[in-house]
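Undergrad: Give me a 3D structure for the following:
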Amino acid sequence: MNRDSYYRDHWVEIDEHRLENYEAMFEWHPRMAPLLESANLEAGLNVVDYGCGPGGLSMELARRVGANGQVLGLDLNADMVVLAHERVAREAPAADVRFEQIENDRIPLDDNTADCVICKSVLEYVTDPAANIAEFARVVKPGGRVHVIDSDWHMLVAEPLDDDTLTALFGAANHAYRTPRIGRRLYGLMRAAGLVDIDVRVLAAPDTRGVRAPILLHMVGYAREAGTLAEDVLDAIEARIEAGLRDGRFLLILPQFVVSGILPAA
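TA: Presented below is the predicted three-dimensional model:
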């Protein structure tokens, strides 16, 4: 493991167990609708889903843009793209939906060609978030929208782990996150990219059912790979998470910053 590049490497190569978890975690659910409210999606739009994963969000975008719309999903991971193609084959959306694997942060579109770029839970893992947002602004048309959804890991609530334990766990796993406080930085980055009419929302839906428990369990796995916490300590943390799921004490809140801006007309 290369600690300096792990934040990106662990998305390029994903083990089978994590891939299965992600396929379930990245499903679109109606309760997630507030994440797209300020994107103002309409029928007929041409939308990019940057960091599309297995395609759950892309399918929701396809439903919103309809038969005259287009969705282009992009991801670094080849397996994710395969899963996304399989989803299209199963669901046969009315919109024109396609997926591509990318090897760098560049979007394979000409300048000013998309109506909207949507990026969910990606910029915490990229090398230079400012460069990514500038790239989003490059491909949208004047009057088009850049819509970013991302976490702020320093606001994480994870019961039944106490504060000291959670701090130690995240410290041991932080090589997996390039910019863990990206959520609070998005507004400033969008302003610096020249976007205007920027809408900022913070959504903090509690998970008491364990849907997002893999977030913590993956964090334990990252810490194991780093080797900075003793195995028995990590075993105990994992056991506490699983006990919380069994006895109904599990609570996870990871605030999502939803930041949406417009590229001004020339």
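Undergrad: so what's the backbone phi/psi at the residue nearest the centre of the chain?
TA: Taking Cα atoms, centre = their mean, the centroid of the chain lies closest to residue 121, which sits 1.6 Å from it. In this entry, residue 121 is assigned phi and psi values of phi 60, psi 50 (degrees, to the nearest 10).
Undergrad: can you give me the helices in the stretch 151-266 of the chain?
TA: If you assign secondary structure with DSSP state H, counting those that start in this stretch, the helices in the stretch 151-266 of the chain sit at 163-173, 182-192, 213-226, 231-247.
Undergrad: Looking at the ones you listed, which is nearest to residue 42?
TA: Among the helices of the stretch 151-266 of the chain, the nearest to residue 42 by Cβ to Cβ is helix 182-192 (21.2 Å). Glycine gets a C-beta too; all of them are placed from N, C-alpha and C.
Undergrad: Export the closest one to CSV, keeping only CA atoms.
TA: The C-alpha atoms that make up helix 182-192 are tabulated as CSV, following Å, rounded to 0.1, in the frame of the first residue of the first chain:
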residue,chain,number,x,y,z
ILE,A,182,-14.3,19.0,1.5
GLY,A,183,-17.9,19.7,2.3
ARG,A,184,-17.2,23.0,4.0
ARG,A,185,-14.8,24.0,1.3
LEU,A,186,-17.1,23.6,-1.7
TYR,A,187,-18.7,27.0,-1.5
GLY,A,188,-15.3,28.8,-1.7
LEU,A,189,-14.0,26.5,-4.4
MET,A,190,-17.1,27.2,-6.5
ARG,A,191,-16.7,30.9,-6.1
ALA,A,192,-13.0,30.7,-7.1
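Undergrad: Give me the buried positions along the lowest-mean-pLDDT helix or strand in the chain.
TA: One helix or strand of the chain scores below all others by mean pLDDT, DSSP states H and E: helix 16-25, with a mean of 82. Counting neighbours by 16 or more other Cβ atoms under 10 Å, one finds that the buried residues in helix 16-25 are 18, 21, 22, 23, 25.
Undergrad: From those residues, pick the one nearest residue 197.
TA: Out of the buried residues of helix 16-25, the one with the shortest distance to residue 197 is residue 25. That distance is 31.5 Å, counting by Cβ to Cβ.
Undergrad: Could you check how many residues crowd around the nearest residue to the closest one once chain neighbours are set aside?
TA: Leaving out its chain neighbours, the residue that sits closest to residue 25 by Cβ to Cβ, 6 or more residues apart in numbering is residue 214, at 6.0 Å. Taking other Cβ atoms under 10 Å as the criterion, the count of residues near residue 214 is 17.
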